[in-house]
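**Student:** test case, fold it:
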Amino acid sequence: MARHQPTTPPQLALFDRLLQGDNIETDRSADSALRELRDSVRRDLEILFNTRPMHRPYAPWLSELQHSIVTFGLPSLQGQHLGSFAQKEQFRIYLENLILRTETRFRELTVELIEQEGPLERTLRLQIQAVLETDSISEVVVFDTTVDPITGGFVVQER
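**Tutor:** Predicted structure coming up:
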C-alpha cells in the first residue's frame, strides 16, 4: 500500500493522551506520531491478550454484557489444548474475532499461524496483519505474537 504524507500527524487515542499529560508534544512530526500510535496499538494488543475476562454466567436478557468491558481479555490458555492444527486454527479464529471486536482502529485484519521451527518447539507463534486507520492516514501494520507455553503469556512485537 502506498503511503502518502498526511497533512496533520495522526492523533493518539484519548487514553494515551491522558497518560502522557503535560509531556505531550504538540509539534511532533507525522512519522514520530505514527510510530507512537503503532507502539500504542502494540501495547493495547499485548494488554488485551494478557488480560483474563470475568467468567460469570449472565442472565439471557443481559446479552449486551457479551460486548462490554467485563468480557475484555483472552481466556487463560492453561486449560486449553492447542496440540493439533484444528485446535490451533480454532484458537486463531477466536483471536481474530476478539481483535475485531475490541480494536476499532483495524481494517482488513488477518491473523495467521506461523509454522513451528522444529518438532520439539512448543511456542505458539502468530502474525497479526491489519490496516491501521487514523483520522489522517491508513497504514499496514504487522505484529509478531508469541505465546509462552508455560505461563500462557503473550508477547507482541512490531515487525
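**Student:** the most centrally placed residue in the chain and residue 103: what is the separation?
**Tutor:** By CA atoms, centre = their mean, the chain has its centre lying nearest to residue 45, at 2.9 Å. Distance, residue 45 to residue 103, using CB to CB, to the nearest Å: 7 Å. C-betas here are computed from N, CA, C, even on glycine.
**Student:** same check on residue 140?
**Tutor:** 15 Å.
**Student:** more neighbours: which of these two?
**Tutor:** Using other CB atoms under 10 Å, the more surrounded residue of residue 140 and residue 103 is residue 103, with 16 against 11.
**Student:** and the more buried one, what is it in contact with?
**Tutor:** The neighbours of residue 103, taking CB atoms under 8 Å, 6 or more residues apart in numbering as the test, are 41, 44, 45, 48, 109, 130.
**Student:** hmm, 10 Å instead?
**Tutor:** By CB atoms under 10 Å, 6 or more residues apart in numbering, the contact set of residue 103 is 41, 44, 45, 48, 109, 128, 130, 132.
**Student:** please apply the same query to residue 68.
**Tutor:** For residue 68, the contact set (CB under 10 Å, 6+ apart) comprises 58, 62.
**Student:** burial check on residue 42, number of neighbours?
**Tutor:** The number of residues packed near residue 42 is 17, by other CB under 10 Å.
**Student:** make that residue 93, sorry
**Tutor:** Residue neighbour count, defined by other CB under 10 Å, stands at 11 for residue 93.
**Student:** number the chain from 114, please
**Tutor:** Sure, I'll start numbering at 114, so the last one becomes residue 206.
**Student:** which residues in this structure form strands?
**Tutor:** Using DSSP state E, the strands of the chain run over 219-227, 237-246, 251-260, 267-271.
**Student:** TSV for those, including mean pLDDT?
**Tutor:** Shown next, in TSV, are the strands of the chain (pLDDT from 0 to 100):
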stretch	mean pLDDT
strand 219-227	94
strand 237-246	94
strand 251-260	93
strand 267-271	94
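**Student:** reformat those strands as CSV; add distance to residue 175.
**Tutor:** Shown next, in CSV, are the strands of the chain (distance: least, CB to CB, whole Å):
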stretch, distance to residue 175
strand 219-227, 27
strand 237-246, 31
strand 251-260, 31
strand 267-271, 29
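**Student:** okay, the longest helix seen in the chain in CSV with CA atoms only?
**Tutor:** Using DSSP state H to assign secondary structure, the helix with the most residues in the chain is helix 143-163. Extracted in CSV, the C-alpha atoms of helix 143-163 (Å, rounded to 0.1, in the frame of the first residue of the first chain):
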residue,chain,number,x,y,z
ALA,A,143,3.9,12.8,11.3
ASP,A,144,6.5,10.0,11.4
SER,A,145,7.0,10.2,15.2
ALA,A,146,3.3,10.5,15.8
LEU,A,147,2.7,7.4,13.6
ARG,A,148,5.5,5.5,15.5
GLU,A,149,3.9,6.4,18.8
LEU,A,150,0.5,5.3,17.5
ARG,A,151,1.8,1.9,16.3
ASP,A,152,3.5,1.4,19.7
SER,A,153,0.3,2.2,21.4
VAL,A,154,-1.6,-0.3,19.4
ARG,A,155,1.1,-2.9,20.1
ARG,A,156,0.8,-2.3,23.8
ASP,A,157,-3.0,-2.4,23.6
LEU,A,158,-2.9,-5.8,21.9
GLU,A,159,-0.5,-7.1,24.5
ILE,A,160,-2.7,-5.9,27.3
LEU,A,161,-5.8,-7.5,25.6
PHE,A,162,-4.1,-10.8,25.2
ASN,A,163,-2.7,-10.9,28.8
